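Novice: coords please:
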Amino acid sequence: ELRRALDAPDWVAGTLRDVVESTRHIAVHYSATPIVPEVRDRLARFQDELEDLAKGRIVRSGSDYRYLIEQTRACEHRLDAVTNIRDTSGGGVGWWTSEVGRQYWQENLEAIGRGVVVTRLFAYVHLTTALAELVDEQRAAGVRVGLIRTGTVDNALHVNLAIWDGERAWEARVNAHGDIVANVFTVNEHDLGRLDAAFRVSSVSARREQPGQ
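Specialist: Now for the predicted structure:
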C-alpha cells in the first residue's frame, strides 16, 4: 500500500516519506512520553483535513476570508451571493464595515468594473436604516440587490454564500449565535448544486418582497 501511495508526484512522495520517518523516530525515541499520543492526535486531525480536501473543500477558520477575497478577484462573469443580516449593533451591517468587509466590497466594485454581474440577496429580520443605506449603496454601484425577510423560505436555506461563475463557491459555517466559525471554499459538485439551489429559491422569494417592508 505504501508503494502505491508513493507512486505519486514527487512533492507527495517526499512529504509522505518525511512524515513516516518523523513518526517512526518519535515512536522509537519517545514511546513512553506524551509525545506519542500528541502526534497521533495531530495525524488524525491531518487526516480529517485531507478528507475535506479530497472532497473538493478547503475549510478555514472563521476569521480567514482568504478565498472569499481571492475568488472574487478572479471572478470573470457572475457572482451570486446571499448575506444574512442579524439584528445587532450598527443595524446588523457591522461585517460590511469591518476591514475584511470593506476589502470584499472593494473586490466587488472592481469585479463590476470589469463586467461581472453581481447579484446579492440580503435576508433580514427588520429592515434597519443601516441596512437600507447599505442596499442603496450597493444598488447605486451596480449590484442587483434582492431583499428577503427571514422566514420567507426554509431556514435551511438561510446561509451566507457566494458562487463565482457557477464553478466555485464559498459558504460560512455559523454557531448557534450566528457567528461565523468557519469559511468553506468548495468546488464539490454536491455543494455547488446545494448552494445554487438555495440561491435560486431565495431569489424567487426575494422578487416577491417589497423593499421597505
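Novice: from here on, contacts and neighbour counts on C-alpha atoms
Specialist: OK.
Novice: ok, which stretches of the protein are helices?
Specialist: 2-5, 10-29, 35-54, 66-74, 94-97, 99-113, 129-141, 189-208 (DSSP state H).
Novice: which stretch among the ones you listed comes nearest residue 123?
Specialist: Evaluated over the helices of the chain, closeness to residue 123 peaks at helix 189-208, with 8.6 Å, by CA to CA.
Novice: average pLDDT across that closest one?
Specialist: The average of the pLDDT scores along helix 189-208 is 91.
Novice: what comes up buried for that helix?
Specialist: For helix 189-208, a neighbour-count test (16 or more other CA atoms under 10 Å) marks 191, 192, 195, 196, 198, 199, 202, 203, 206 as buried.
Novice: I'd like to know which elements that helix is packed against.
Specialist: For helix 189-208, the helices and strands in contact under the criterion 3 or more CA pairs under 8 Å, 6 or more residues apart in numbering; DSSP states H and E are strand 78-84, strand 117-124, strand 144-149, strand 161-164, strand 168-174.
Novice: hmm, 7 Å instead?
Specialist: Under the contact criterion of 3 or more CA pairs under 7 Å, 6 or more residues apart in numbering; DSSP states H and E, helix 189-208 touches strand 144-149.
Novice: neighbouring strands for the strand it packs on, and are they parallel or not?
Specialist: Strand 144-149 pairs in its sheet with strand 117-124 (parallel), by DSSP bridges.
Novice: CA atoms only: put the strand it pairs with into PDB for me.
Specialist: Taking Å, rounded to 0.1, in the frame of the first residue of the first chain, the C-alpha atoms of strand 117-124 are listed here in PDB:
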ATOM      1  CA  VAL A 117     -22.700  40.700 -13.000                       C
ATOM      2  CA  VAL A 118     -23.100  40.700  -9.200                       C
ATOM      3  CA  THR A 119     -26.400  39.600  -7.600                       C
ATOM      4  CA  ARG A 120     -26.800  39.800  -3.900                       C
ATOM      5  CA  LEU A 121     -29.700  38.800  -1.700                       C
ATOM      6  CA  PHE A 122     -30.000  40.300   1.800                       C
ATOM      7  CA  ALA A 123     -32.000  38.200   4.200                       C
ATOM      8  CA  TYR A 124     -33.200  40.300   7.200                       C
END
